[in-house]
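Asks: whatever this is, show me its structure:
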Amino acid sequence: MPCATALLWSQFALAPLARAQTLRELPGRHLTLITDLAESPEVDALPAVFDQAVPLWCQYFGLEQQALADWRVTGYLMAEGRLFQQAGLVPDDLPPFLNGYARANRLWVFNQPTDYYRRHLLLHEGVHALMLSRWQGYGPPWYAEGMAELLATHQWAEGKLVLPVFPAGRESFSGWGRIKLVHEGLKRPDAPTFETLMGWPTAAFLENEAYGWAWAACAFLDGHPRWREAFRQMKQHVRLRRFNQHLQAAVGAAWPELVDEFSVFAHELEYGHDLEHWAMAFAPGAPLPEGGRTVRVEANRGWQSTAIRLLAGESYRLKATGRYQLASGPPPWLAEANGVSIRYYRRRPLGMLLAAVRRDQESEPAPSARDRHAGILSPLPVGLEARIVPQHGGTLYLKINDSPAELGDNQGFLEVQIERVAAQLQPPAP
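Replies: Here you go, the predicted model:
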């Protein structure tokens, strides 16, 4: 698949790294790499990196390693594309590309400015080549590129490869930048939803931002305890035009929850995002009993449904009690619902109780996907006690304010009492 902005071969610039005087051949079990780059430990290790990736890809896709025992790929790692073109190593029918392109047994990769991203791009194109070789297809563009991104995001240390990984920080993933691309996309009023990116054509992936969103979609589905099983079965549908419909059918009636949760994930996305703990706990809301209700909010989870439906324009009081641990320390941080003022997360005290109302699917008029989760994207501060008046009806959701990367070591819970109260009368104007 083409990667990033398309350019003609004649436009390729020289890479800044030193080049060998002639093309070199680096042999491996699954990859034979031909390059014009000079000898270096990082470059010369690339066939070994690729060879270690193949059994990991087999493990991910549920393939017997023997099925790919004879699979061989010839790769071209290029500092200057014209050299390869003049050597007859670039087919005339190869589309223009900037970073990389793959077929079932050949791939072309342009040199990159960082060691990590050079490896990443080679593995990205390797995933395309494997899927084409095994299934003669790789699904719609969002899935094809998202899977290549997912299964190329890796760690390489002391000669050992680990993939796929969810990056824990920027330092070891120099040049990758997918999370930044998603954050930048969210600044636009037309930021993608899951349903819009599912419909993106191949041409959308002539822009770098699309790779960030495709990675985010596949990382979300693959890492999420609720959606993972259905997602991992989708490889059997990569040759079918109705791939997206098969995914939607596999999720079934919960599809609106998946769509909403992905948008929340994108807005809350962090390095080290802990999807197992962050995953939203959905439950439909029922009317609040006359005497109110007390619910429990776990400190180590993301948004949690109270299973209580609030009415638009009505006034409700939320009162929280209890203490919980925000980190394992040392020393551990203990907090109440007001949070701790010595550290803030997203401009609010760490550990503060937050509330949001998710609009019901049955609301009139029927809410769009953006309308359903808009309240969760702009949560209300509660702390120890607050009075809220929802602008629209829907189910009340609660969570404590903490990074999705730091939920796993939290302990404890809050109890939150929810009751309807009479609206406060405004004094008459003088």
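Asks: how's this structure carved up into domains?
Replies: Taking automatic domain parsing as the domain assignment, the ranges for the chain are 9-136, 178-273, 278-421.
Asks: ranking the ones you listed by mean pLDDT, which is last?
Replies: With a mean of 89, domain 9-136 has the lowest mean pLDDT of those.
Asks: how far does that one sit from its chain's centre?
Replies: 25 Å (C-alpha atoms, centre = their mean, to the nearest Å).
Asks: that older thread, and Glu158, which of the domains of the chain is closest to it?
Replies: With distances scored as C-beta to C-beta, the stretch of the domains of the chain nearest to Glu158 is domain 9-136 (11.3 Å). All C-beta atoms are positioned from the backbone trio N, CA, C, and that covers glycine.
Asks: quick check: which helices or strands does the helix or strand where Gly212 lies pack against?
Replies: Using DSSP states H and E, the secondary-structure element containing Gly212 is helix 208-223. Identification of packing neighbours for helix 208-223 by 3 or more C-beta pairs under 8 Å, 6 or more residues apart in numbering; DSSP states H and E yields helix 141-150, helix 178-185, helix 194-198, helix 228-232, helix 255-268, helix 275-278.
Asks: looking at these, spot the one closest to Gln391.
Replies: By C-beta to C-beta (comparing all of the helices and strands packed on helix 208-223), the closest turns out to be helix 255-268, at 17.8 Å.
Asks: mind listing what's buried along the closest one?
Replies: Judged by neighbour count using 16 or more other C-beta atoms under 10 Å, the buried positions of helix 255-268 are 257-266, 268.
Asks: nearest to Leu83, of those?
Replies: The closest of these to Leu83 turns out to be Ala266 (C-beta to C-beta; 40.8 Å).
Asks: rewinding a little: okay if I get the domains of the chain as CSV plus distance to Ala157?
Replies: CSV is the format used below for the domains of the chain (distance: least, C-beta to C-beta, whole Å):
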stretch, distance to Ala157
domain 9-136, 11
domain 178-273, 17
domain 278-421, 21
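Asks: go through those and name the closest to Ser172.
Replies: Checking those against Ser172 by C-beta to C-beta gives domain 9-136 as the closest, at 6.9 Å.
Asks: go through the domains of the chain and name the closest to Trp142.
Replies: The closest approach between Trp142 and any of the domains of the chain, judged by C-beta to C-beta, belongs to domain 178-273 at 5.0 Å.
Asks: tell me how far the ends of the closest one are from each other?
Replies: When the termini of domain 178-273 are compared using C-alpha to C-alpha, to the nearest Å, they are 13 Å apart.
Asks: any idea how far it is from the chain center?
Replies: With C-alpha atoms, centre = their mean as the basis, the mean position of domain 178-273 lies at 7 Å from the chain mean.
Asks: wait, which of the domains of the chain is closest to Leu150?
Replies: With C-beta to C-beta, the closest approach to Leu150 among the domains of the chain belongs to domain 178-273: 4.4 Å.
Asks: same for the longest helix along the chain, what does it pack against?
Replies: Determined from DSSP state H, the single longest helix within the chain is helix 115-135. If you count contacts as 3+ C-beta pairs under 8 Å, 6+ apart, helix 115-135 packs onto helix 41-44, helix 46-61, strand 73-78, strand 100-102, strand 106-110, helix 141-150.
Asks: can you add mean neighbour count and give those back as a markdown table?
Replies: As requested, the helices and strands packed on helix 115-135 are exported to a markdown table (neighbours: other C-beta atoms under 10 Å):
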| stretch | mean neighbour count |
| --- | --- |
| helix 41-44 | 14 |
| helix 46-61 | 19 |
| strand 73-78 | 23 |
| strand 100-102 | 25 |
| strand 106-110 | 22 |
| helix 141-150 | 26 |
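Asks: need these in JSON lines (columns: distance to Trp176).
Replies: Putting those into JSON lines (distance: least, C-beta to C-beta, whole Å) gives the following:
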{"stretch": "helix 41-44", "distance to Trp176": "16"}
{"stretch": "helix 46-61", "distance to Trp176": "16"}
{"stretch": "strand 73-78", "distance to Trp176": "18"}
{"stretch": "strand 100-102", "distance to Trp176": "14"}
{"stretch": "strand 106-110", "distance to Trp176": "15"}
{"stretch": "helix 141-150", "distance to Trp176": "9"}
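Asks: Val421 is nearest to which of these?
Replies: Nearest of the helices and strands packed on helix 115-135 (C-beta to C-beta): helix 141-150, 46.4 Å.
Asks: could you check the angle the closest one makes with helix 115-135?
Replies: What separates the directions of helix 141-150 and helix 115-135 is an angle of 130 degrees, with axes from the mean of the first three to the mean of the last three C-alpha atoms, to 10 degrees.
Asks: alpha carbons only: can I get helix 141-150 in PDB?
Replies: Presented in PDB, the C-alpha positions along helix 141-150 are these (Å, rounded to 0.1, in the frame of the first residue of the first chain):
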ATOM      1  CA  PRO A 141      -7.800   0.900   3.600                       C
ATOM      2  CA  TRP A 142      -8.400   1.700   7.300                       C
ATOM      3  CA  TYR A 143      -7.900  -2.000   8.200                       C
ATOM      4  CA  ALA A 144      -5.100  -2.600   5.800                       C
ATOM      5  CA  GLU A 145      -3.000   0.400   7.000                       C
ATOM      6  CA  GLY A 146      -4.100   0.100  10.600                       C
ATOM      7  CA  MET A 147      -3.100  -3.600  10.800                       C
ATOM      8  CA  ALA A 148       0.300  -2.800   9.200                       C
ATOM      9  CA  GLU A 149       0.800   0.000  11.800                       C
ATOM     10  CA  LEU A 150      -0.400  -2.200  14.700                       C
END
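Asks: for that helix, the distance to its chain's centre please.
Replies: The answer for helix 141-150 is 11 Å, by C-alpha atoms, centre = their mean.
Asks: picking that back up, out of the helices and strands packed on helix 208-223, the one nearest Leu288 is which?
Replies: helix 255-268 (22.0 Å).
Asks: chain center to stretch 384-397: distance?
Replies: A distance of 29 Å separates the centroid of the chain from that of stretch 384-397, by C-alpha atoms, centre = their mean.
Asks: got the end-to-end distance for that stretch?
Replies: Between the opening and closing residues of stretch 384-397 we find a distance of 16 Å, counting by C-alpha to C-alpha.
Asks: buried residues in it, which are they?
Replies: Applying 16+ other C-beta under 10 Å to stretch 384-397 flags 386, 388, 390, 392-397 as buried.
Asks: hmm, who's touching that stretch?
Replies: Contact partners of stretch 384-397, identified using C-beta atoms under 8 Å, 6 or more residues apart in numbering, comprise 280, 283-285, 303-320, 336-338, 353, 355-360, 363, 375-376, 380, 382, 418, 421, 423.
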